[in-house]
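# okay, sequence plus prediction incoming.
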Amino acid sequence: MKRRALISVYDKSGIIDLALFLFQAGWEILSTGGTARYLGDHHIPVTDVSAVTGFPECLDGRVKTLHPAIHAGLLARRNLPSHMETLEKLGLGTIDLVCVNLYPFFEKVQGGLSLEETVEFIDIGGPTMIRSAAKNYRDVIVLTDPADYGELIGVLKSTGTLEPSAGLRKRLAGKVFDLTSAYDGAIARYLLELDGPSLEDSAPGARPGGVTIHPPDSARPGDSTAGGAAGGRVEADTADSPGTAERYPPFWPLALRRAQTLRYGENGHQSGALYLSAGKAGALGGMEQLHGKELGYNNIRDLDLAWKAACAFGLGDQPALGEGDVLRLGLAEAGGRCGGPCGSSNGPPAEGGGGGPRRGRSQGGDFPPQACCVAVKHNTPCGIALGGTLLEAYEKVYACDPVSIFGGIVASTVKVDAAAALKLGNLFLEIIAAPDYDGDALEILKKKKNLRVMRARRGPSDRTECTAVDGGLLVQETDRRLLESWDVVTRAEPKPEDLPDMIFGMRAVSFVKSNAIVVVRDRAAMGIGGGQTNRIWAAEQALARAGAAGPASGGVFTGPARVLASDAFFPFSDVVDAAAAAGIRAIVQPGGSIRDGESIEACDKHGIAMVFTGTRHFKH
């Protein structure tokens, strides 16, 4: 019996070579629509599928191959006499090879099309055929990737039997289900809107999905419970309540495409690879490497955090983290003009020299120019600062921790100019990421052979984040809520000039590993303490570093640190006492401890102003 191959492809790459080889080897080629015309134009004889099914293509091409004459020919097991007798009785033949690639839903879902237009790129017949062929892989060869055509041709030529090995058949079948699972995952994520607008786009003060926060009336002892989410009572959704079911469907769909096989994983003896979303353009996938060695596993993790932390202070038209909260609570006006609401740096990069001034979104007038610079080492920040230029911001970052930044990653929200590049080039860094680079700046940085220079123009957009656990994933909303409330719980009020530093501190501390403390002066971290198993150690580290950074900064810092920000509540008053000894005059923290009263009393004793925000920012 003459063997038959069914070829129906959207991507025509390499298909002529494959079809010509099969035809010359004596195969009959079945095809549909555009593929049939394409093969015919190249003088390869084709049998139209409608001649096999006895049914015309219909519904604007939606129905072509969904027919028993096709799927019986794919699914019939050749070693079962009953199957072959059924085919003979029905007058049907076998199909021995399927070559199909799918409508480009991955690409079209990113193209800004309407829902109706996007849905038309959901392939139905293609996935059905290749799944049928893959299930019956012992009898049917299935191809979905043009990269496999050459290998199959080579194998068939070398064996002379036109029979690939069982191992190759099985591998090609596995690639089918790898593809269709990602394809269906991308469709599911699109229709369930799992990659839709971030939580920041919800109305100010809203808690999407039915979560309601009840801030304490006075934030005094007895008004909050130990271990609470953040100084208030939390009413959470049940698993099946409205909102939660939409955000967390019964099965978590993933659509990831391998972008890079890594030299190794976190350590040299571990293998690794990078997968990027097939249906959504994220910040990392939108980056362009302009210079340097290939990125490694640890580089990618650190780059991801550095860029997210920098963008938390605003990138282009993207608002700063919690900008809606700041505006809702009236803190932008109270804090005065501060480069966007109390420390954000919104507005587009400056034309012709992003290392210079930028203008934030107006709140009663232009804001002073701001650039954000972040340094990261071992997946936690070792410096974060805003400045009038990138050079100014970087000098603050370096002064915060000149030891840890060595071998680190630096991210900037503005174009790197020559002045900043000269300074950055004086230090061994693994990566620099920025929206763009002046020509002179890029040439300066390229003198560092191994320095990876990344152009990053897209801010983070993920609504959820996942952490692998053995046998599963933990999935949660990304941390986009900065402040639930702004409750001054002490007799002393924060000074107006400290408000921008307090907002800055809360943004910065949310990216530091818990337990985390950031000590701030002039919208720059002077000391960072993180990753500690108790809060007092984190505070002591941050305060000690801030105390050392001031005198050693050569005038970069204009005075001692004034503000301390914490990612979670104080279980004891020891942090307040340590802060007082270091000259801190304002503290901002979530609140929520059963011993809040002790910390409030200590603040009153030392004349320190303290604010409870009602929002915890643990990061593990």
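The structure has been received and is ready for your questions.
# poorly predicted segments of the stretch 451-600 of the chain, please.
By pLDDT under 70, the stretch 451-600 of the chain has no low-scoring segment.
# also the stretch 1-150 of the chain?
1.
# check which helices and strands the longest helix along the chain sits against.
Selection of the longest helix in the chain by residue count, based on DSSP state H, yields helix 166-191. Contact here means 3 or more C-beta pairs under 8 Å, 6 or more residues apart in numbering; DSSP states H and E; on that basis helix 166-191 packs against helix 105-108, helix 125-135, strand 141-143, helix 149-159. Just so you know, the C-beta spots here come from the backbone N, C-alpha and C atoms, and that holds for glycine as well.
# want to throw the ones you listed into TSV with distance to residue 286 and mean neighbour count?
TSV is the format used below for those (distance: least, C-beta to C-beta, whole Å; neighbours: other C-beta atoms under 10 Å):
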stretch	distance to residue 286	mean neighbour count
helix 105-108	14	18
helix 125-135	28	22
strand 141-143	31	24
helix 149-159	30	14
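# and of these, who's closest to residue 257?
Proximity to residue 257 (C-beta to C-beta) singles out helix 105-108 among the helices and strands packed on helix 166-191, at 7.4 Å.
# show me where the stretch 1-150 of the chain has helices.
15-24, 33-41, 49-53, 68-75, 81-90, 105-108, 115-119, 125-135, 149-159 (DSSP state H, counting those that start in this stretch).
# in a markdown table: those helices, plus distance to residue 317.
Converted to a markdown table, the helices of the stretch 1-150 of the chain look like this (distance: least, C-beta to C-beta, whole Å):
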| stretch | distance to residue 317 |
| --- | --- |
| helix 15-24 | 42 |
| helix 33-41 | 40 |
| helix 49-53 | 49 |
| helix 68-75 | 49 |
| helix 81-90 | 60 |
| helix 105-108 | 24 |
| helix 115-119 | 24 |
| helix 125-135 | 37 |
| helix 149-159 | 44 |
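# phi, psi of residue 455?
Main-chain dihedrals, residue 455, degrees, to the nearest 10: phi -100, psi 120.
# wait, doesn't it sit right on residue 288?
Yes. Judged on C-beta atoms under 8 Å, residue 455 makes contact with residue 288 at a distance of 4.4 Å.
# picking up where we left off before, pull out the buried residues from the longest helix of the chain.
Going by neighbour count (16 or more other C-beta atoms under 10 Å), the buried part of helix 166-191 is 168-169, 172-173, 175-176, 179-180, 182-183, 185-190.
# adding distance to residue 278, write the helices and strands packed on helix 166-191 out as JSON lines.
Below are the helices and strands packed on helix 166-191 laid out as JSON lines (distance: least, C-beta to C-beta, whole Å):
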{"stretch": "helix 105-108", "distance to residue 278": "4"}
{"stretch": "helix 125-135", "distance to residue 278": "15"}
{"stretch": "strand 141-143", "distance to residue 278": "19"}
{"stretch": "helix 149-159", "distance to residue 278": "21"}
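# from residue 444, how far off is residue 370?
Remark: distance between residue 370 and residue 444 (C-beta to C-beta, to the nearest Å) = 24 Å.
# more neighbours, these two?
residue 370 (29 against 21; other C-beta atoms under 10 Å).
# that one and residue 557, how far apart?
From residue 370 to residue 557 the distance is 17 Å (C-beta to C-beta).
# SS state for residue 525?
At residue 525, secondary structure determined by DSSP: H, G, I helix; E, B strand; the rest coil is strand.
# contact partners for residue 249?
Listed by C-beta atoms under 8 Å, 6 or more residues apart in numbering, the contact partners of residue 249 are 188, 192, 194.
# can you tell me the closest non-neighbouring residue to the second one?
Yep, that's residue 192 we're talking about. Leaving aside its chain neighbours, residue 192 sits nearest to residue 249 (5.9 Å; criterion: C-beta to C-beta, 6 or more residues apart in numbering).
# got the residue ranges for the helices in the stretch 351-500 of the chain?
Remark: helices assigned in the stretch 351-500 of the chain by DSSP H, counting those that start in this stretch are 390-400, 418-424, 439-446, 499-509.
# touching, residue 64 and residue 30? I think so.
No. Between residue 64 and residue 30 there is no contact under C-beta under 8 Å: 10.9 Å.
# ok so, going back, distance to residue 265 added to the helices of the stretch 351-500 of the chain, as CSV?
Output for those, formatted as CSV (distance: least, C-beta to C-beta, whole Å):
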stretch, distance to residue 265
helix 390-400, 29
helix 418-424, 28
helix 439-446, 27
helix 499-509, 29
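# so which of the ones you listed is the most surrounded?
helix 499-509 (a mean of 30; mean count of other C-beta atoms under 10 Å).
# helices or strands up against it?
So helix 499-509, by 3+ C-beta pairs under 8 Å, 6+ apart, packs with helix 331-334, strand 380-387, strand 517-520, strand 525-529, strand 563-566, strand 586-589.
# deepest of the ones you listed, which one?
Each of the helices and strands packed on helix 499-509 was scored by mean neighbour count; the highest is strand 517-520, a mean of 33, by mean count of other C-beta under 10 Å.
# show me what that strand pairs with in its sheet, parallel or antiparallel.
With DSSP bridges as the test, strand 517-520 is paired with strand 525-529 (antiparallel), strand 563-566 (antiparallel).
# let's have these in a markdown table, adding distance to residue 16.
Converted to a markdown table, the strands paired with strand 517-520 look like this (distance: least, C-beta to C-beta, whole Å):
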| stretch | distance to residue 16 |
| --- | --- |
| strand 525-529 | 60 |
| strand 563-566 | 63 |
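# which of those strands sits closest to residue 17?
strand 525-529 (58.1 Å).
# contacts for the closest one?
When contacts are defined by C-beta under 8 Å, 6+ apart, strand 525-529 is touched by residues 380-385, 396-397, 399-401, 505, 508, 512, 515-520, 537-547, 549-550, 557, 561.
# what about 7 Å?
381-385, 400-401, 508, 512, 517-520, 538-539, 541-546, 549-550, 557, 561 (C-beta atoms under 7 Å, 6 or more residues apart in numbering).
# and whichever helix or strand comes after that strand, what does it pack onto?
Next helix or strand after strand 525-529 toward the C-terminus (DSSP states H and E): helix 535-552. Applying 3 or more C-beta pairs under 7 Å, 6 or more residues apart in numbering; DSSP states H and E, one finds that helix 535-552 contacts helix 390-400, strand 517-520, strand 525-529, helix 574-581.
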